[in-house]
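In: just coords:
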């Protein structure tokens, strides 16, 4: 009999405690996105209706002080962090010209770029309206700083487009801004809003950082390895739009001639050849090793918070981050 995966273990041992607050978070999200009505409401609701892992809201609840009841302020923070995340997806899809997200049409594809842009703006502003209800200026500051990082990360990604000499350090900085910052914000707000010590809050910040970095590296690996139906987006999306990720950077260092395959609007056959060449260099394994090293560092941060926060569920979430298909 095979051992349970981290996801299976989490569902068996912990999900029942978080199902109700997660459902309430989803209900709040539906109410908020539907508020404007008309095209704006439909476009705002579309990105949430497409589903998703809802990992960031879950992290808010998991990072709460052990023994404390999940309160209104935690639900507000969970909804706010997911709204910010959703807003970035809407804007990213417009910048990338993406037609699908999680196998469904993007807001811009269905309703046009102006409506998509307005929907992303609405989601961002709604996040801070909701979070202000938590009564914590510190929480608002945390989410605001993460949102600023998202913007800076997007600008950095644009500057790095088709930079086939991209260094690992520059890639990690982009991931810290675009992905890990929001993971850190979710974890930090969960600890902060439940009255944890500064040490535990700091540990949750570090845990979220390394979890987010591992999550993004794993996501970039999936662009080379996942089936399009499983990933919910077109295979080789990063390759097509010129986004250089860690597996590609590692592969080019091993096989510099790979750069010759990057032509404008590469077709499926070219994308398939690039993926084969990248895999042949061992770059996928190298990227995965780095992701696992960040999971190890995330686990180390959990030890600092173990006196106040139940770290077992968080450790299982960390275990899910790298070995996934979507």
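Out: Right, received. Where do you want to start? Fair warning: this is a prediction, and the values are worked out from it, not measured in the lab. Numbering: from 1, shown residues only.
In: how near is residue 277 to residue 223?
Out: For residue 277, the distance to residue 223 equals 14 Å [CB to CB, to the nearest Å]. All C-beta spots, glycine's among them, are computed from the backbone N, C-alpha and C.
In: pick out whichever of the two has more residues nearby.
Out: Summary of the neighbour comparison: residue 277 and residue 223, criterion other CB atoms under 10 Å, with residue 223 having more neighbours (23 against 18).
In: now the helices: where do they sit in the stretch 1-150 of the chain?
Out: When assigned using DSSP state H, counting those that start in this stretch, the helices of the stretch 1-150 of the chain occupy the ranges 6-13, 15-34, 38-49, 55-62, 72-96, 107-111, 113-132, 137-159.
In: okay, those, which one's buried deepest?
Out: Among the helices of the stretch 1-150 of the chain, helix 55-62 has the highest mean neighbour count (mean count of other CB atoms under 10 Å), at a mean of 26.
In: one step back: Throw the helices of the stretch 1-150 of the chain into CSV and include mean pLDDT and distance to residue 216, thanks.
Out: As requested, the helices of the stretch 1-150 of the chain are exported to CSV (pLDDT from 0 to 100; distance: least, CB to CB, whole Å):
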stretch, mean pLDDT, distance to residue 216
helix 6-13, 93, 18
helix 15-34, 96, 23
helix 38-49, 93, 19
helix 55-62, 98, 12
helix 72-96, 95, 13
helix 107-111, 94, 23
helix 113-132, 96, 20
helix 137-159, 97, 10
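In: out of the ones you listed, nearest to residue 265?
Out: The closest of the helices of the stretch 1-150 of the chain to residue 265 is helix 72-96. By CB to CB, the value is 14.0 Å.
In: any idea how far the closest one is from the chain center?
Out: Between the centre of helix 72-96 and the centre of its host chain there is 10 Å, according to CA atoms, centre = their mean, to the nearest Å.
In: then stretch 33-53?
Out: 19 Å.
In: if we can go back for a sec, how about the helices of the stretch 1-150 of the chain, which one is nearest residue 177?
Out: Each of these was checked against residue 177 via CB to CB, and the shortest separation belongs to helix 137-159, namely 3.0 Å.
In: quick one: that closest one to helix 113-132, angle?
Out: When axes from the mean of the first three to the mean of the last three CA atoms, to 10 degrees is applied, the directions of helix 137-159 and helix 113-132 differ by 150 degrees.
In: helix 137-159: what's the following helix or strand?
Out: Past helix 137-159, further along toward the C-terminus, the next helix or strand under DSSP states H and E is helix 168-175.
In: run through the neighbouring helices and strands of that following helix.
Out: helix 137-159, helix 198-225, helix 246-254 (3 or more CB pairs under 8 Å, 6 or more residues apart in numbering; DSSP states H and E).
In: pipe the ones you listed into a markdown table and attach distance to residue 188 per row.
Out: Listed next are the helices and strands packed on helix 168-175 as a markdown table, based on distance: least, CB to CB, whole Å:
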| stretch | distance to residue 188 |
| --- | --- |
| helix 137-159 | 5 |
| helix 198-225 | 5 |
| helix 246-254 | 25 |
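In: so which of the ones you listed gets nearest residue 19?
Out: Distance to residue 19, taken as CB to CB, is lowest for helix 198-225 among those, at 21.6 Å.
In: sorry, back to before: closest one to residue 13 among the helices and strands packed on helix 168-175?
Out: helix 198-225 (19.1 Å).
In: buried ones in the closest one?
Out: Of the residues in helix 198-225, 200-225 count as buried by neighbour count, 16 or more other CB atoms under 10 Å.
In: give me the neighbour count for residue 257.
Out: 8.
In: nearest residue to the spatially most central residue of the chain in space, please, no chain neighbours.
Out: The residue lying closest to the centre of the chain (CA atoms, centre = their mean) is residue 179, at 5.3 Å. Using CB to CB, 6 or more residues apart in numbering and skipping residues adjacent in sequence, the residue nearest residue 179 is residue 216, 4.1 Å away.
In: so that neighbour touches residue 172, yeah?
Out: No - with contacts defined as CB atoms under 8 Å, residue 216 does not count as touching residue 172, sitting 9.2 Å away.
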